[in-house]
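S.K.: need a 3D model of the sequence below.
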Amino acid sequence: MKQSDEFMDLFLKNDAQKQIDKMSKKYNRRNIVLYGAGLYTLTLLSNFDFSGLNIIGIADKRFDNEYKESEFMGYKTFSPTDVINSEVDVILVTVLEYTYLKEIIVNTIISKIKNRKIEIQPIFQKKLKNKISEVMSII
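M.R.: The predicted model follows:
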């Protein structure tokens, strides 16, 4: 099974669209940056409706060099440094390893922003029953 198929299974099992729709209501009129520009993000943006979110761009460390792309999936790209100077209100993390990346975002971006609070959240949460199933399959 290709990795994008595995991601789709994960997203569908956890009602990703329903969670995206909830975020659309929660973050109404707030400027959002998606952080992560890999296959995970590509799969999400290609298969789910994000039109209810005010996504101002996609950030990734790969956009931090002189050869950076100006767009990714139709969205403006940001390096981590660009995010510091943007009008972002919310960073939605679009990678599988949310906890690890959240720490990096806090250290490289949030710690350098003064006078405003930026919320950091994963793009979606696994359902509790799916988390329990994963743990039980390891035991």
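
S.K.: from residue 48, how far out is the closest residue to residue 80 other than its chain neighbours?
M.R.: Nearest non-adjacent residue to residue 80, counting by CB to CB, 6 or more residues apart in numbering: residue 108, 5.0 Å away. Using the backbone N, CA and C atoms, a C-beta is placed for each residue, glycine as well. Between residue 108 and residue 48 the computed distance is 27 Å (CB to CB, to the nearest Å).

S.K.: for these two, indicate the residue with more neighbours.
M.R.: residue 48 (18 against 14; other CB atoms under 10 Å).

S.K.: name the element the residue nearest to the more buried one when sequence neighbours are not counted belongs to?
M.R.: With sequence-adjacent residues excluded and distances taken as CB to CB, 6+ apart, residue 48 is closest to residue 17, at 5.2 Å. Per DSSP states H and E: residue 17 is located in helix 16-26.

S.K.: going toward the C-terminus from that helix, what's the next helix or strand?
M.R.: According to DSSP H and E, the helix or strand after helix 16-26 is strand 32-35.

S.K.: the following helix or strand past that following strand packs against which elements?
M.R.: Downstream of strand 32-35, the first helix or strand assigned by DSSP H and E is helix 39-47. On a contact count with 3 or more CB pairs under 8 Å, 6 or more residues apart in numbering; DSSP states H and E, helix 39-47 meets helix 3-13.

S.K.: if we can go back for a sec, pretty sure the residue nearest to residue 48 sits against residue 49.
M.R.: Yes - judged on CB atoms under 8 Å, residue 17 makes contact with residue 49 at a distance of 6.6 Å.

S.K.: so which of those two has more stuff around it?
M.R.: Taking neighbours as other CB under 10 Å, residue 17 and residue 49 compare with residue 17 leading, 16 against 11.

S.K.: tell me the mean pLDDT over stretch 80-100?
M.R.: Averaged across stretch 80-100, pLDDT comes to 90.

S.K.: quick one: end-to-end distance for it.
M.R.: Stretch 80-100 has an end-to-end distance of 15 Å (CA to CA, to the nearest Å).
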